[in-house]
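In: Sequence and computational prediction follow.
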Amino acid sequence: MTKNIIFSTGYVARTAIWIIARVFFCLPITVFITPSLLAAQGGTPTEPTFIFAGEAWLGGGYQVQKNVLLTIDNERITRVQNDVDIQQLPEHASVLDLSCCFIIPGLIDTQTHLTSQPNLPPHSVRRTQWSDADRTVIAMRNAEKTLRGGFTSIRDMGHSGQSVFAVRDAINDGLIEGPRMQAAGELIRPTGGELAGWMQEEIEQALHVAAICDGPADCGRAVRASIALGADTIKVATKGDLAADSPSQFALEELIAIREAAHRKGVRVTASGFSTDSINLPLAAGFDGVVHGTYSDTETFELLRENKAWFIPTLLAARVVREMAEDPDSRRSDAWREENLSIYHGMVASFRAAMDAGVQIAFGTDAGWRPHGENAEQLEQMVELGMTPHDALLSATAHAAAAIGWDSEIGAIEPDKYADILVLKGNPLEQITLTRTPLAVIKGGSVVVDNRDD
């Protein structure tokens with residue numbers, strides 16, 4: 001019975017988003033056939049096409065190359081050549097001429113929230129007074145903005161209901177435009193945990209949130225329930241508040257049970273940690289990564305190296321928090337300002353310490369604090385804080401792809417990977433700010449955003 005209800009809810013959500021997409025983007029209600037759909041339906045595969053770029057950074061380990069020719073077949077790169085004379089191509093070849101431009105791999109953000117954005121009502125209102133349809137429209141629009149901002153893949157790390165699952169599936173089915181996506185759904189959290197103060201406990205109980213768990217066995221159940229609902233990544237709220245010395249919300253045994261349940265299903269698990277204990281305990285339990293990492297210490301970096309886990313500092317969200325704390329017109333208390341300035345400075349210090357320690361850093365912004373589509377601002381911020389442009393770009397390409405387990409599919413411009421490409425007016429290794437104003441965005445070999453005539 002439960003499975004039937006879950007299936008019906010997901011089916012209705014996908015059907016609704018199909019209709020919403022047609023109306024929202026003023027498109028006719030017809031099936032939108034893409035090359036990937038044609039291939040899935042047994043149609044005729046597309047002929048190979050070519051992309052020619054004047055200059056290119058293909059990803060980590062590559063030097064800047066000139067006159068680069070990419071051969072694309074069925075959304076993937078099949079060949080990469082450099083020092084090519086475009087005039088030597090066959091006369092009738094299908095070529096996207098970007099000879100005036102610089103290309104890099106499509107960017108990846110491993111920590112976003114598509115149903116959040118500045119100036120929305122509080123979470124308690126959105127959770128209790130908004131429908132899944134309301135949240136779906138917000139997520140659809142933010143997915144489109146994210147793609148226009150140059151991010152061809154993202155990981156959504158926490159939402160209520162089925163909205164982001166439906167948007168992810170609609171993008172995969174070619175119904176709407178948006179980045180490739182993993183989605184966590186509800187955060188795994190204990191009774192009385194991080195989000196409990198956002199609404200009355202009896203209301204949350206009435207919503208039957210499957211992700212709330214207590215004890216090892218129940219936490220394993222919560223992971224399995226989340227995956228059954230549509231999650232293809234798991235996020236765990238180990239932080240209980242924003243203080244540096246707060247204990248983890250979960251015991252080590254619970255965290256191990258969460259990790260085991262997720263890994264048994266082939267799904268990665270990431271902790272949301274601010275305090276030192278809420279960062280280190282999940283890493284000791286074998287988690288694949290930690291986001292925020294505000295108050296990290298030496299043990300943090302030892303655990304990250306030992307477990308080959310990923311450190312994902314959300315520096316852009318911390319910048320927003322600092323701006324709010326420094327706003328003279330804000331009616332916040334002095335204690336609130338002090339706490340949030342501490343968060344900013346703590347995260348900056350942890351980011352610099354992580355660079356010095358040589359741990360794996362992946363790009364994640366907590367998009368939703370800043371408007372979606374402005375994610376690349378954090379690349380500029382990382383460089384301002386001491387990271388080289390090369391390493392900043394690496395964090396948002398190959399490293400981000402590895403952090404979410406998609407490094408065989410995306411993260412570099414090389415054979416067998418998806419042809420996800422960002423087109424820029426110059427070399428971002430020399431001017432990182434260029435990533436904030438892409439000339440075009442290519443996903444699966446198709447131009448999905450084109451600003452070249454602007």
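Out: Looks like it came in fine.
In: domains in this structure, as residue ranges please.
Out: 2-30, 37-106+413-450, 107-403 (automatic domain parsing).
In: Output the ones you listed as CSV; include the columns mean neighbour count and mean pLDDT.
Out: Heads up, the C-betas are built off the backbone N, CA and C, glycines and all. Output for the domains of the chain, formatted as CSV (neighbours: other CB atoms under 10 Å; pLDDT from 0 to 100):
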stretch, mean neighbour count, mean pLDDT
domain 2-30, 13, 44
domain 37-106+413-450, 17, 90
domain 107-403, 21, 93
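In: Quick one: the strands in this structure, in order.
Out: 49-56, 65-73, 76-81, 95-105, 107-112, 151-156, 180-183, 234-237, 269-273, 289-292, 310-312, 421-424, 440-443, 446-450 (DSSP state E).
In: Tell me what angle the third one forms with strand 65-73.
Out: With axes from the mean of the first three to the mean of the last three CA atoms, to 10 degrees defining the directions, strand 76-81 sits at 150 degrees from strand 65-73.
In: Just the CA trace of strand 76-81, in PDB.
Out: Extracted C-alpha coordinates of strand 76-81, given in PDB (Å, rounded to 0.1, in the frame of the first residue of the first chain):
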ATOM      1  CA  ARG A  76      29.300  12.900 -25.300                       C
ATOM      2  CA  ILE A  77      32.700  13.900 -26.400                       C
ATOM      3  CA  THR A  78      34.400  11.200 -28.600                       C
ATOM      4  CA  ARG A  79      37.600  13.000 -29.600                       C
ATOM      5  CA  VAL A  80      39.600  16.100 -28.500                       C
ATOM      6  CA  GLN A  81      42.200  17.600 -30.900                       C
END
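In: counting contacts, what elements does it pack onto?
Out: Strand 76-81 sits against strand 65-73, with contacts defined as 3 or more CB pairs under 8 Å, 6 or more residues apart in numbering; DSSP states H and E.
In: Just the C-alphas of the strand it packs on, formatted as CSV.
Out: C-alpha atoms of strand 65-73 as CSV (Å, rounded to 0.1, in the frame of the first residue of the first chain):
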residue,chain,number,x,y,z
GLN,A,65,45.3,24.6,-25.5
LYS,A,66,44.6,26.5,-28.7
ASN,A,67,42.5,25.8,-31.7
VAL,A,68,40.7,22.9,-30.0
LEU,A,69,38.2,20.7,-31.9
LEU,A,70,35.8,18.5,-30.1
THR,A,71,33.9,15.7,-31.8
ILE,A,72,30.4,15.2,-30.2
ASP,A,73,28.2,12.1,-30.6
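In: strands paired with it, and their directions?
Out: strand 49-56 (antiparallel), strand 76-81 (antiparallel) (DSSP bridges).
In: Figure out how far the longest one is from the centre of its chain.
Out: Mean C-alpha position of strand 49-56 versus that of the full chain (CA atoms, centre = their mean, to the nearest Å) differs by 27 Å.
In: Name the stretch from the strands paired with strand 65-73 that approaches Lys235 most closely.
Out: Checking the strands paired with strand 65-73 against Lys235 by CB to CB gives strand 76-81 as the closest, at 29.3 Å.
In: Can you give the contact residues for the closest one?
Out: Here strand 76-81 makes contact (CB atoms under 8 Å, 6 or more residues apart in numbering) with 48, 58, 68-72, 413-419, 444-445.
In: next one: stretch 140-150
Out: 17, 20-21, 24, 106-107, 109, 112, 114-115, 117, 154, 167, 170-171, 176-179, 181, 367-368, 371-376, 422, 435-436, 438, 441, 443, 448-449.
In: and the nearest residue to Asp245 once chain neighbours are set aside, how far is that from Glu254?
Out: In this structure, Asp245 finds its nearest non-sequential neighbour in Ser275, 6.1 Å apart by CB to CB, 6 or more residues apart in numbering. For Ser275, the distance to Glu254 (CB to CB, to the nearest Å) stands at 17 Å.
In: so what's the residue lying closest to Leu429 once chain neighbours are set aside up against?
Out: Leaving aside its chain neighbours, Leu429 sits nearest to Pro389 (4.9 Å; criterion: CB to CB, 6+ apart). Contacts for Pro389 (CB under 8 Å, 6+ apart) come out as 379, 383, 428-430, 432.
In: Is Ala403 in contact with Ile361, as I believe?
Out: No. Using CB atoms under 8 Å, Ala403 is not in contact with Ile361, being 9.1 Å away.
In: Can you check which residues contact both of these two?
Out: In contact with both Ala403 and Ile361: 310, 312, using CB under 8 Å, 6+ apart.
In: residue furthest from the geometric center of the protein?
Out: In the chain, counting by CA atoms, centre = their mean, Glu91 sits farthest out from the average C-alpha position, at 40.4 Å.
In: Having no further points to raise, I will conclude here.
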